[in-house]
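# pasting the structure only:
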């Protein structure tokens, strides 16, 4: 596993099936990760602030609330990767979860090796990102991204971004005006999820464009039809 800033990576498991939860926790322990298990969405929300997980392993089918509803709440409030777990593999289910802020999707049944590989990939991405940081800020044209606050700022004004929106804009910013294909964006921001519809990128780009327009920013996310996106600060 990768180092996580002098502490063991934390994985929150939200799963109401004891057998599945036990399997997941055993595999994560063998890989050297710390994990905690809760059986309901409410317990998950209560524990996130205290535990501050690096990754949330989230089952879609929960007894007290929709896993998709919980996914959206976590994406809006926590700086954690979200790996959705479901017995359903339809494109609509994947698109719904990814559109609400999930980073990856794994379908039951899955192997312990696959689970650990997905989580390890998240943590490597975070380490690479932190290694490139200086003060947690990134200047992009006439706006500035502030990591600690998950905001984009311009002339004393700011708008809040979800964790996934923030990672997407940061990634495009580090590309320094280079055109990035949808496949490249999925690989770096969505963990190269096999079978993820590329239009999920379009959904999040549209949300970012709207938020940048609220700041009257010169910075724009330009599209090249059928290929991908780049940042344009001119």
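Cool, the structure landed. Source: prediction; values computed, not measured. Numbers count the residues shown, from 1 in each chain.
# For this structure, which segments are assigned as strands?
Under the criterion DSSP state E, strands of the chain are mapped to 10-14, 34-38, 55-59, 81-86, 104-107, 137-140, 143-146, 151-154, 157-160, 180-181, 220-224, 228-232.
# elements contacting the fifth one?
Taking 3 or more C-beta pairs under 8 Å, 6 or more residues apart in numbering; DSSP states H and E as the contact definition, the neighbouring helices and strands of strand 104-107 are strand 81-86, helix 91-99, helix 112-132. C-betas here are computed from N, CA, C, even on glycine.
# any idea which of those is most buried?
Of all the helices and strands packed on strand 104-107, strand 81-86 has the most neighbours on average by mean count of other C-beta atoms under 10 Å, namely a mean of 24.
# What strands flank it, and is each parallel or antiparallel?
Sheet pairing of strand 81-86 (DSSP bridges) gives strand 55-59 (parallel), strand 104-107 (parallel).
# need the helices and strands packed on strand 104-107 in CSV with distance to residue 46, can you?
CSV is the format used below for the helices and strands packed on strand 104-107 (distance: least, C-beta to C-beta, whole Å):
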stretch, distance to residue 46
strand 81-86, 17
helix 91-99, 22
helix 112-132, 22
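# Tell me which of these lies nearest to residue 213.
Proximity to residue 213 (C-beta to C-beta) singles out helix 91-99 among the helices and strands packed on strand 104-107, at 20.1 Å.
# Tell me how many other residues surround the closest residue to residue 54 other than its chain neighbours.
Spatial nearest neighbour of residue 54, excluding adjacent residues (C-beta to C-beta, 6 or more residues apart in numbering): residue 9 at 4.8 Å. For residue 9, the neighbour count with other C-beta atoms under 10 Å is 23.
# same thing with the one 4 residues further on?
Look at residue 13: counted by other C-beta under 10 Å, it has 24 neighbours.
# Ok, the one 4 residues further on next?
Counted with other C-beta under 10 Å, residues neighbouring residue 17 total 14.
# Setting aside sequence neighbours, what's the nearest residue to it?
Nearest in space to residue 17, with sequence neighbours left out and distances taken as C-beta to C-beta, 6+ apart, is residue 59 at 7.4 Å.
# Check whether that neighbour really touches residue 66, as I assumed.
No - in this structure, residue 59 is not within contact of residue 66 by C-beta atoms under 8 Å, at 10.9 Å.
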